[in-house]
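Chemist: with the input below, show me the fold.
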Amino acid sequence: MRGIPTLFLVVVLCVLPPTLSATAASSEKPADRILVEKSARRLSLLRGGTVIKTYKVALGGQPVGPKVCQGDKRTPEGKYVIDGRNKNSHYHWSLHVSYPNSEDRANAKKRGCNPGGDIYIHGLPNGYNWAGIVHTAYDWTLGCIAVRDQEIEEIWGLVPNGTAVEIKP
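Modeler: Purely as a prediction, here's the structure:
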C-alpha cells in the first residue's frame, strides 16, 4: 500500500504543466545573465539585475565543489558565457557553457588532468521527457545543468549566445 502514494506523486509531478516550475514573469526581451546556484539546485534568468524566470535543476553526480578534471562528475563554478547551441544533441536541446576558463585550466594543470569542456545547460535525455520534474530528485548529469525539455526550449528563446553565466556553489 505504501507504493501507491509514491506512484501517485510521481505521476502527478510528471504531468504538471511546465509553468509551475518557472516563475510567473514572462517577457519577450532576452535575459542578460544566467545565475546557477548549485546548493539551491536553481537556475535563474536575469535582466538588468531582476530575476525574470527560475527553474529547478539537476547537476553533476558529485555536486559539491567546483569541476576540476574531466570525468569528475562535478558542475563547474565560476563565470562563463553561452557560446553555442545544439538542437541535435543526445539531450533535448543544449546550450554550451564556455567552461573551462583560464582559472579552470590552471587548476586542472596543477592536478595533472584535463579540465574537460562539454558542459551544457540541457533538457532530458532524448526519449525521457516523460520523467518531467522528477529528474530533479537527484543529481544525475556528468557535470551539466539539466532542466525539463519544455524549460530548455523556453531558456533557448530567452538566452542569446554571449549571455553571461555565473555558477555559484
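
Chemist: all contacts plus neighbour counts: C-alpha atoms, from now on.
Modeler: Fine.

Chemist: and residue 99, that's in a helix?
Modeler: No. Using DSSP: H, G, I helix; E, B strand; the rest coil, the secondary structure at residue 99 is coil, not a helix.

Chemist: hey, what's the residue nearest to residue 137 when sequence neighbours are not counted bridged with?
Modeler: In space, and not counting its chain neighbours, residue 137 is closest to residue 58: 7.6 Å by CA to CA, 6 or more residues apart in numbering. Counting by DSSP bridges, residue 58 is bridged to residue 146.

Chemist: residue 58 touches residue 146, doesn't it?
Modeler: Yes. The criterion here is CA atoms under 8 Å, and residue 58 meets it with residue 146 at 5.1 Å.

Chemist: how close does residue 51 get to residue 35?
Modeler: 9 Å (CA to CA, to the nearest Å).

Chemist: okay, and the common contacts of these two?
Modeler: Taking CA atoms under 8 Å, 6 or more residues apart in numbering as the criterion, residue 51 and residue 35 both touch 44-45.

Chemist: now the strands: where do they sit in this structure?
Modeler: 33-37, 42-47, 50-56, 78-86, 94-97, 120-122, 145-146, 164-168 (DSSP state E).

Chemist: name the residues of the third one that come out as buried.
Modeler: Going by neighbour count (16 or more other CA atoms under 10 Å), the buried part of strand 50-56 is 51-56.

Chemist: and that strand with strand 42-47, angle?
Modeler: Orientation check (axes from the mean of the first three to the mean of the last three CA atoms, to 10 degrees): strand 50-56 against strand 42-47 gives 160 degrees.

Chemist: so that it lines up with my notes, have the first residue be 780 from now on.
Modeler: OK, 780 is where the count begins now, so the last one is strand 829-835.

Chemist: name the strands paired with strand 829-835 and say parallel or antiparallel.
Modeler: strand 821-826 (antiparallel).

Chemist: same thing with the last one?
Modeler: Each strand paired with strand 943-947, and its direction, by DSSP bridges: strand 812-816 (parallel), strand 857-865 (antiparallel).

Chemist: let me have those strands in CSV, adding mean pLDDT and mean neighbour count as columns.
Modeler: Below are the strands paired with strand 943-947 laid out as CSV (pLDDT from 0 to 100; neighbours: other CA atoms under 10 Å):
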stretch, mean pLDDT, mean neighbour count
strand 812-816, 98, 21
strand 857-865, 97, 17
